[in-house]
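Visitor: Coordinates for the following, if possible.
(one chain, ligands or ions: 2)
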Amino acid sequence: MASSGQAAKHTAGAALGRLMPTPGQVATASAPARPRTCSRLAPFGTTIFAQMTALALETGSVNLGQGFPEGPGPELLRQVAVAAIEEGDNQYPPGVGVRELLEAVALHQQAEYGLSYDPSHEVLVTAGATEAVASAVLGLCEPGDEVLMLDPSYDSYAAVVAMAGAVRAPVPLRYDGERWVLPPGELEAAVTDRSRLLLLNSPHNPTGKVLTEDELKEVADVCRRHDLIVVTDEVYEHLVFDGRRHVPVATLDGMRERTVTISSAGKSFSVTGWKVGWACAPPELLAGVRAAKQFLTYVTPAPLQRAAAAGLRATHQLVSPLVEELASNRDLLAEGLAGAGFPVRGAEGTYFLTVDISEVTDEDAVGFCLQLPYRCGVVAVPCPAFYADPEAGRHLVRFAFCKRRSSIEEAVERLGRLRGGGSRP
Ligand code: PMP
Ligand code: GLN
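Guide: Ligands and ions are numbered 1, 2, ... in the order given. Have a look, this model is predicted:
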């Protein structure tokens, strides 16, 4: 694929200096001799999502990078939150969460999956799923423990494993030509006598994969045999397409007792900025999660917890039209990308699909994503950011379709111009 010229190269080159910087290694005349950022976090730099959104704003591009919807969020949730603020619910709520939300989470797990949790002892409200995952890793792992995770994985997992002084142990997902799979034997092969915990994610970011019942059965079998704790991030639990069903790993035989199930309001109810999440687990597992959470944020804003509870009570009413809209956006984007020459690895769920750029360009995904805004005014996310070995994702790019229909249409129109070499709109 041809670049639109030197100017584009120059500007993208400036951006490249910003991509994934390692703050501990940035040397300037006034920089202290010793890096200030601790060595555990220095390698992580600024998140790829923040960087790509900054690039989208800077270039006026359609932002199919960071996964957030463009609308204001459901009226029902906004009204409940505003009313709670106006009524004065503005002081610290209980550390474990407001009763209304604890009960709504327990009811949701029962109604959706037949999973029974006691809202008094087995549910914990957190500052988004991110804090629930962080608290689980920090509260359940010893330094040096190995944390198994799918590879690629959502970016916060590796960072929090590093914060805990634990070790990332990748379990590769592969694309078999038709879909993403967890090949039989891969999980078992990654287990060692230091393995403590499996950090699972389905529906999966960034691939859009939904783990099948057979894959989950094998996961459960390995976890039972090696006595692993499972921390499962199910934030996209309702965002599954084409009649698929999300199966929580905790529903499999012998798994509830070893599993921390995590979700949040952000994706199900299109309020990603609210950061209201929760974890469900038996008391002895939840104790570790709570031990960490109480010293991270301590509590989550009460008005937003009340609104999330209202969302959970209206799950189907809110989620059904969203799933339809997302599936239709996915189809339009996939068609547009395929039309522009990219082999698409279609999404079974989530906000995301991936494309393999290797048939279209010799560039790696980072270089490609840095150029894309200058070539056609679209921002996407390079997948190396999600892999233990960035090389493994060098040809993979993630596009988010959780945007307004008009944004997807505009992006498709702009991507179509790549066929002719691309030019800035
Ligand atoms: N887990 C996954 C897999 C995600 O994609 C995201 C991004 N939204 C999160 C967790 C973060 O969720 P929250 O905003 O509730 O912290
Ligand atoms: N989960 C969102 C994504 O994958 C981003 C969240 C964030 O910016 N940390 O795009």
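Visitor: CA only for contacts and neighbour counts going forward, please
Guide: Fine.
Visitor: which parts of the stretch 1-150 of the chain sit against ligand 1?
Guide: 128-130 (Cα under 6 Å from any ligand atom).
Visitor: Show me where the stretch 1-150 of the chain dips below the pLDDT cut-off.
Guide: Within the stretch 1-150 of the chain, the stretches with pLDDT under 70 are 1-31.
Visitor: Spell out the residue ranges of the helices in it.
Guide: Counting by DSSP state H, counting those that start in this stretch, the stretch 1-150 of the chain has these helices, from start to end: 6-16, 48-59, 75-86, 99-113, 128-140.
Visitor: returning to that earlier point: output the residues of the stretch 1-150 of the chain next to ligand 1 as a markdown table; include the columns distance to residue 278 and neighbour count.
Guide: Converted to a markdown table, these look like this (distance: Cα to Cα, whole Å; neighbours: other Cα atoms under 10 Å):
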| residue | distance to residue 278 | neighbour count |
| --- | --- | --- |
| 128 | 7 | 23 |
| 129 | 7 | 24 |
| 130 | 10 | 22 |
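Visitor: Which one of these is nearest to residue 274?
Guide: If you rank these by distance to residue 274 using Cα to Cα, residue 128 comes first, at 7.6 Å.
Visitor: hey, what's the spatially closest residue to residue 235 that is not a sequence neighbour bridged with?
Guide: Nearest residue to residue 235 in three dimensions, chain neighbours excluded: residue 263, at 4.4 Å (Cα to Cα, 6 or more residues apart in numbering). Applying DSSP bridges to residue 263 gives these bridge partners: residue 278.
Visitor: neighbours of residue 263, just the number please.
Guide: 26 (other Cα atoms under 10 Å).
Visitor: which residues does it contact?
Guide: Residue 263 makes contact with 128-129, 233-237, 277-279 under the criterion Cα atoms under 8 Å, 6 or more residues apart in numbering.
Visitor: Quick check: of those, which has the highest neighbour count?
Guide: Neighbour-wise, the contacts of residue 263 (other Cα under 10 Å) top out at residue 279, 30 neighbours.
Visitor: Quick one, grab the pLDDT at that residue.
Guide: Per-residue pLDDT puts residue 279 at 99.
Visitor: just residue 233 next, same as before
Guide: The model's pLDDT for residue 233 equals 99.
Visitor: quick one, the strand or helix carrying residue 373 and helix 48-59 angle?
Guide: If you go by DSSP states H and E, residue 373 is part of helix 365-376. Helix 365-376 and helix 48-59 are oriented at 20 degrees to each other (axes from the mean of the first three to the mean of the last three Cα atoms, to 10 degrees).
Visitor: what is the mean pLDDT for helix 365-376?
Guide: pLDDT averaged over helix 365-376 gives 97.
Visitor: Run through the strands of the stretch 101-250 of the chain in chain order.
Guide: 123-127, 146-151, 167-172, 174-175, 180-181, 195-201, 229-233 (DSSP state E, counting those that start in this stretch).
Visitor: Can you list the helices and strands that the fourth one packs against?
Guide: Applying 3 or more Cα pairs under 8 Å, 6 or more residues apart in numbering; DSSP states H and E, one finds that strand 174-175 contacts strand 180-181.
Visitor: Paired strands for the strand it packs on, with orientation please.
Guide: Sheet pairing for strand 180-181, using DSSP bridges, gives strand 174-175 (antiparallel).
Visitor: Need the residues that contact the strand it pairs with.
Guide: 180-183.
Visitor: Quick check on those: which are buried?
Guide: Buried members of the contacts of strand 174-175, scored by 16 or more other Cα atoms under 10 Å, are 180-182.
Visitor: For residue 386, state which of these is nearest.
Guide: Closest to residue 386, out of all of the buried ones among the contacts of strand 174-175 and judged by Cα to Cα, is residue 180, at 15.1 Å.
Visitor: That closest one against residue 209, yeah?
Guide: Yes - counting by Cα atoms under 8 Å, residue 180 does reach residue 209; the two are 6.1 Å apart.
Visitor: could I have stretch 56-73 exported to PDB, CA atoms only?
Guide: Included here for stretch 56-73 are C-alpha records, laid out as PDB according to Å, rounded to 0.1, in the frame of the first residue of the first chain:
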ATOM      1  CA  ALA A  56      -7.500  10.600  16.400                       C
ATOM      2  CA  LEU A  57      -8.100  14.000  18.000                       C
ATOM      3  CA  GLU A  58      -4.900  15.400  16.600                       C
ATOM      4  CA  THR A  59      -5.700  14.400  13.100                       C
ATOM      5  CA  GLY A  60      -9.500  14.700  13.100                       C
ATOM      6  CA  SER A  61      -9.900  11.000  12.300                       C
ATOM      7  CA  VAL A  62     -12.800   8.700  12.800                       C
ATOM      8  CA  ASN A  63     -11.800   6.900  16.000                       C
ATOM      9  CA  LEU A  64     -12.200   3.200  15.600                       C
ATOM     10  CA  GLY A  65      -9.400   2.700  18.100                       C
ATOM     11  CA  GLN A  66     -10.400   3.000  21.700                       C
ATOM     12  CA  GLY A  67     -13.500   1.000  22.500                       C
ATOM     13  CA  PHE A  68     -16.200   3.500  23.700                       C
ATOM     14  CA  PRO A  69     -19.600   4.300  22.300                       C
ATOM     15  CA  GLU A  70     -20.200   7.800  21.100                       C
ATOM     16  CA  GLY A  71     -23.700   8.300  22.500                       C
ATOM     17  CA  PRO A  72     -24.700   9.800  25.900                       C
ATOM     18  CA  GLY A  73     -25.800   6.500  27.500                       C
END
